[in-house]
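Engineer: okay, here's the prediction I keep looking at, along with the sequence it came from:
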Amino acid sequence: MEKVDMEFSLQAVPQSYRNGFWRILAVMLGFTFFSASMWSGGALGNGLSFASFIGIVLAGNLILGVYTGALAHIAAKTGLSTHLLTKYAFGVKGSYLSSALLGFTQVGWFGVGVAMFAVPVQKATGMNVYILIAIAGILMTITAIYGIKALAILGIIAVPSIAVLGSYSVFEATSTAGGLQGLMSYQPTEAMGLAAALTICIGSFISGGTLTPDFARFAKSSRSAVTATVIAFFLGNSLMFLFGAVGAIVYGQADISDVMFMQGLIIPAIIVLGLNIWTTNENALYASSLGFANITKLPKNKIVIFNGLVGTIAAMWLYNNFVGFLTVLGSILPSIGSILLADFFILNRGSYKNYTEMSFKSVNWIAIAAWIGGILIANYVPGIPPVNGLIGTAVLYVIGMKVFPTK
């Protein structure tokens, strides 16, 4: 009897295997509870008044929520991952480009995340950093093997723990600053422009948000998928930014775990740090495996083990050298999501033909050209680069497909 791929790496998720709202919310919140978002929040906190910070974060994460919510709708309607959805717009072999970029980026972030856990814990405990990396990498890889169920269980445990412990730490920090009035009276030494602030807020997670369909495809309905995703990116990501901003303003540290170390909360800090990174790393390793499964057609679990091994071995090198390169990659990924949205909502009027009935083109060069054009627009047209890239890519793609229609 043939064994069923319970993660449905190369097919749509059947309705009988879909999950309810709360499980999807736990997965998505675990995805957005991300240490790098706190670093971005710290950068905003140092460059804006607290009132301006609140406005920028709400506006930026609302844009992220709309973008990811639209992708979640497509995923729930079709049951398809990001990598299978790209076949409709990019073609079969064209989808390999996006899968490789997305998969490579997520393996990189997994390795960075492992080191992000090991380095501060080594400083606090004196344990060998490479032993910590090995332990963390192995544990995170093992749980990622169990797929969406493990992601949901981990999210159910991690999200409340991070929210409660982090909020307590922020409350203590706010008291140190003189209460809410003290935060509101804060003025940065070097003010940041609003366009630059929005760019940081949106750009910090828009590349990860492009992978929303990998998780939202397990939702029983479009409504639950969209609601869970918008809550996660609008409220969950905003909470991470708040943790980072308050820590940066009061203690000069953006990561809540560093703040808790300074407050003497060593054990809670390690718990928050571990759970925070674990949830995001699980999602990263899971999403990367789906990308490479689309290219190689190998079982997802084998790819998870291989990717986890690569990320763990290269963790310190990735931590020291790779973040800048990943940031560059992050600037070129949102255009992929923009093409998916334009293809589904505009060219196909909100409905795709069944995946099993499709005969896909090998490569849609119009999609490739629009993707490249969108990257150029994001990097060279004045304004807010992530927003410019999203809109510019969609416009180029729709015009190209209208002028040069392809079956």
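Structural biologist: Great, that's in hand.
Engineer: neighbouring contacts of stretch 290-310?
Structural biologist: Taking contacts as CB atoms under 8 Å, 6 or more residues apart in numbering, the residues outside stretch 290-310 that touch it are 5, 7, 9-10, 81-84, 95-96, 98-100, 102-103, 106-107, 110-111, 137-138, 140-141, 144-145, 147, 214, 285-286, 288-289. Every residue, glycine included, has its C-beta placed from N, CA and C.
Engineer: name the helix or strand of this protein that has the lowest mean pLDDT.
Structural biologist: Of all helical and strand segments in the chain, the minimum by mean pLDDT, DSSP states H and E falls on helix 323-332, at a mean of 65.
Engineer: need the helices for the stretch 251-400 of the chain, in chain order.
Structural biologist: Ranges of helices in the stretch 251-400 of the chain, per DSSP state H, counting those that start in this stretch, are 256-262, 266-296, 300-313, 315-321, 323-332, 334-341, 365-380, 385-403.
Engineer: the inter-axis angle of whatever helix or strand residue 60 lives in versus helix 385-403?
Structural biologist: Mapping residue 60 onto the secondary structure by DSSP states H and E places it in helix 50-78. Using axes from the mean of the first three to the mean of the last three CA atoms, to 10 degrees, one finds that helix 50-78 and helix 385-403 are set 30 degrees apart in direction.
Engineer: angle of helix 50-78 against helix 334-341?
Structural biologist: Computed with the same axes, to 10 degrees, the direction of helix 50-78 lies at 50 degrees from that of helix 334-341.
Engineer: so how far is whichever helix or strand comes after helix 50-78 from its chain's centroid?
Structural biologist: Tracing the chain C-terminally past helix 50-78 and defining elements by DSSP H and E, one meets helix 82-90 next. How far helix 82-90 lies from its chain's middle: 18 Å, per CA atoms, centre = their mean, to the nearest Å.
Engineer: equivalent analysis for stretch 178-198, please.
Structural biologist: Taking CA atoms, centre = their mean, one finds the center of stretch 178-198 at 26 Å from the center of the full chain.
Engineer: could you list the low-pLDDT ranges of the stretch 201-350 of the chain?
Structural biologist: With pLDDT under 70 as the threshold, the stretch 201-350 of the chain has low-confidence stretches at 322-330.
Engineer: swap the cut-off to 50 and go again
Structural biologist: Low-confidence segments of the stretch 201-350 of the chain, defined by pLDDT under 50, are absent; every residue clears the threshold.
Engineer: how near is the residue nearest the centre of the chain to residue 331?
Structural biologist: Nearest residue to the geometric centre of the chain (CA atoms, centre = their mean): residue 208, 2.7 Å. Distance of residue 208 to residue 331, given as CB to CB, to the nearest Å: 13 Å.
Engineer: with residue 372 instead?
Structural biologist: Using CB to CB, we find residue 372 at a distance of 13 Å from residue 331.
Engineer: please apply the same query to residue 374.
Structural biologist: Distance from residue 374 to residue 331, counting by CB to CB: 10 Å.
Engineer: which neighbours do these two share?
Structural biologist: Counting by CB under 8 Å, 6+ apart, the contacts common to residue 374 and residue 331 are residue 389.
Engineer: and these two? which has more neighbours close in?
Structural biologist: Neighbours around residue 374 and residue 331, counted as other CB atoms under 10 Å, are more numerous at residue 374. The numbers are 26 against 18.
Engineer: so what's the more buried one closest to, chain neighbours aside?
Structural biologist: In space, not counting the residues next to it along the chain, residue 374 is nearest to residue 393; the distance is 2.8 Å by CB to CB, 6 or more residues apart in numbering.
Engineer: quick check: pLDDT value at the one you found.
Structural biologist: Predicted confidence (pLDDT) at residue 393: the value is 96.
Engineer: show me the contacts for it.
Structural biologist: Taking CB under 8 Å, 6+ apart as the contact definition, residue 393 lies against 334, 335, 338, 339, 342, 370, 371, 373, 374, 377.
Engineer: need the residues you listed in CSV (columns: distance to residue 17).
Structural biologist: As requested, those are exported to CSV (distance: CB to CB, whole Å):
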residue, distance to residue 17
334, 29
335, 31
338, 29
339, 28
342, 29
370, 34
371, 32
373, 38
374, 34
377, 39
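Engineer: just the closest of those residues to residue 238, please.
Structural biologist: If you rank those by distance to residue 238 using CB to CB, residue 334 comes first, at 19.4 Å.
Engineer: neighbours around that closest one, how many?
Structural biologist: Neighbour count of residue 334, defined by other CB under 10 Å: 25.
Engineer: show me what contacts it?
Structural biologist: Residues touching residue 334, when contacts are defined by CB under 8 Å, 6+ apart, comprise 67, 206, 207, 209, 210, 378, 386, 389, 390, 393.
Engineer: what do you get if the cut-off is 7 Å, keeping everything else the same?
Structural biologist: Residue 334 is in contact with 206, 207, 210, 386, 389, 390, counting by CB atoms under 7 Å, 6 or more residues apart in numbering.
Engineer: please report phi then psi for residue 33.
Structural biologist: When quoted as degrees, to the nearest 10, the phi and psi of residue 33 stand at phi -80, psi 90.
Engineer: and the angle for the longest helix anywhere in the chain with helix 334-341?
Structural biologist: Scanning the chain for the helix with the most residues, using DSSP state H, yields helix 92-125. Relative orientation of helix 92-125 and helix 334-341, computed by the same axes, to 10 degrees: 130 degrees.
Engineer: quick one: helix 92-125 to helix 300-313, angle?
Structural biologist: With the same axes, to 10 degrees as the criterion, the two stretches helix 92-125 and helix 300-313 enclose an angle of 50 degrees.
Engineer: so residue 404 sits against residue 366, correct?
Structural biologist: Yes: shown here, residue 404 and residue 366 form a contact pair, counting by CB atoms under 7 Å, at 5.9 Å.
Engineer: helices and strands around the longest helix of the chain, which ones?
Structural biologist: Counting contacts by 3 or more CB pairs under 7 Å, 6 or more residues apart in numbering; DSSP states H and E, the secondary-structure elements packed against helix 92-125 are helix 82-90, helix 129-145, helix 256-262, helix 266-296, helix 300-313, helix 315-321, helix 323-332.
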